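Trainee: got a sequence here, can you build the structure:
(one chain, ligands or ions: 1)
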Amino acid sequence: MNKKTRFSIEFFPPATPEGVEKLRGVRDQLAVLGPEFISVTYGAGGSTRDRTLQVVREIREAGLDAAPHLSCIGATAQSIREHLAQYREIGIKRIVALRGDLPSGMADPGEFRYASELVAFIRRESGDEFFLEVAAYPEVHPQARNFQRDLAAFVTKVRAGANSAITQYFYNADAYFHFVDCVRKAGVDIPILPGIMPISSYSKLARFSESCGAEIPQWMRRTFEGFGDDVDSIREFGLDVVTAMCERLIAGGAPGLHFYSLNQTGLITELCARLGLAPEKA
Ligand code: FAD
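Mentor: Predicted coordinates:
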């Protein structure tokens, strides 16, 4: 692997002023690694609307490319139009277009049912102005009836106008290669960036993976379990596993990597160093 392998990084918008301040430091440290863009998540049902905008604006002001996530569940066409206008104003060129999940207690799903409808709407409203990323699920979206239906939904989303995709995280490179093969056989040739989740805490990862449908293979589970509370061993094993998977993904043709940072610098910096992605002095 070499420094030409492109990679991007994902942040979430912090909920407190302290978190916002800390993220500025994280952003500046990770910017040195040279990510192609930094994406910023968007809370379900628009709950982080202003915070996402603020983080994205500051990334732009720092001279970096920012890609706000935008989810359509619970949204109206008018609210999406307003987002697009705000993003246009601050020079955003790339948007991660999603359906999102309806937050509990929110009954009205709004005017869009699926991400494909959001993609089609953005294309109708703004032509080719924005480069649109969409989500992909090599291990199948948790609500999908089966792989084939999920694949068909993905193809529809791409045909609606998506330029590129970022996957849910996974620890099984074969699932990614199988998904990409099926997508290509369906006649879709957009880049599909593997989403990479570094591992700092096994218990948190296990909980989160349950809800988003990512599988932690049995051999990894059993190894993590054997480490108990030994955080250093968990970190080291996690880094070894993720580094080896990234190397395999790139060797097998993945067009780049998208790192879920969880607003932390350490693991991403170490991974980039191990993968030879970081500039010498980073
Ligand atoms: P869709 O592509 O619309 O798919 C949702 C489900 O509907 C799938 O099961 C699909 O098979 C099915 N489906 C799609 N179209 C059809 C159709 N025409 N007919 C029948 N079924 C259909 N969530 C957030 O809240 N904020 C974020 O910032 C965020 N960022 C993410 C970034 C990435 C890279 C990924 C992978 C996920 C992200 N998520 C985020 C989670 C995402 O919102 C959820 O996984 C959500 O449940 C699905 O969103 P989607 O855009 O993939 O939906």
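
Trainee: quick one: neighbours of the closest residue to the ligand within the stretch 151-282 of the chain, just the number.
Mentor: Relative to the ligand, the nearest point of the stretch 151-282 of the chain is Ala153 (3.3 Å; CB to the nearest ligand atom). Every residue, glycine included, has its C-beta placed from N, CA and C. Neighbour count for Ala153, taken as other CB atoms under 10 Å: 16.

Trainee: list the residues that contact the closest residue to Phe154 other than its chain neighbours.
Mentor: Residue nearest to Phe154 in three dimensions, not counting chain neighbours: Ala136, with 5.9 Å by CB to CB, 6 or more residues apart in numbering. Residues counted as contacts of Ala136 (CB atoms under 8 Å, 6 or more residues apart in numbering) are Phe154, Ala165, Ile166, Thr167, Gln168, Phe179, Val183, Ile192.

Trainee: keep only those of these that are in strands.
Mentor: Ala165, Ile166, Thr167, Gln168, Ile192 (DSSP state E).

Trainee: any chance of those in TSV, with distance to Glu111 and neighbour count too?
Mentor: Listed next are the ones in strands among the contacts of Ala136 as TSV, based on distance: CB to CB, whole Å; neighbours: other CB atoms under 10 Å:
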residue	distance to Glu111	neighbour count
Ala165	24	26
Ile166	24	24
Thr167	27	22
Gln168	25	21
Ile192	28	25
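
Trainee: in a markdown table: the residues you listed, plus pLDDT.
Mentor: Output for these, formatted as a markdown table (pLDDT from 0 to 100):
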| residue | pLDDT |
| --- | --- |
| Ala165 | 98 |
| Ile166 | 98 |
| Thr167 | 98 |
| Gln168 | 98 |
| Ile192 | 98 |
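
Trainee: which residues does the residue nearest to Phe154 bridge with?
Mentor: According to DSSP bridges, the partner residues bridging Ala136 are Thr167.

Trainee: out of the contacts of Ala136, which two sit at the greatest distance?
Mentor: Gln168 and Val183 (14.4 Å; CB to CB).

Trainee: need the pLDDT of the residue of the chain most remote from its centre.
Mentor: Within the chain, the residue lying farthest from the chain centre (CA atoms, centre = their mean) is Gly226, at 29.6 Å. Gly226 is assigned 97 on the pLDDT scale.

Trainee: likewise for Gly213?
Mentor: Gly213 is assigned a pLDDT of 88 by the prediction.

Trainee: that one: how many residues sit nearby?
Mentor: Using other CB under 10 Å, Gly213 has 15 other residues around it.

Trainee: do the same with Ile216
Mentor: As a burial measure, Ile216 scores 17 neighbours (other CB under 10 Å).

Trainee: grab the nearest non-local neighbour of it.
Mentor: Ser209 (5.5 Å).

Trainee: where's that neighbour, which helix or strand?
Mentor: Secondary structure assigned from DSSP states H and E places Ser209 in helix 202-212.

Trainee: buried stuff in whichever helix or strand comes after that helix?
Mentor: Using DSSP H and E, the helix or strand that follows helix 202-212 towards the C-terminus is helix 218-227. Judged by neighbour count using 16 or more other CB atoms under 10 Å, the buried positions of helix 218-227 are Met220, Thr223, Phe224, Phe227.

Trainee: distance of Ala31 from the ligand?
Mentor: Going from Ala31 to the ligand by CB to the nearest ligand atom, to the nearest Å gives 21 Å.

Trainee: nice, that's everything, thank you.
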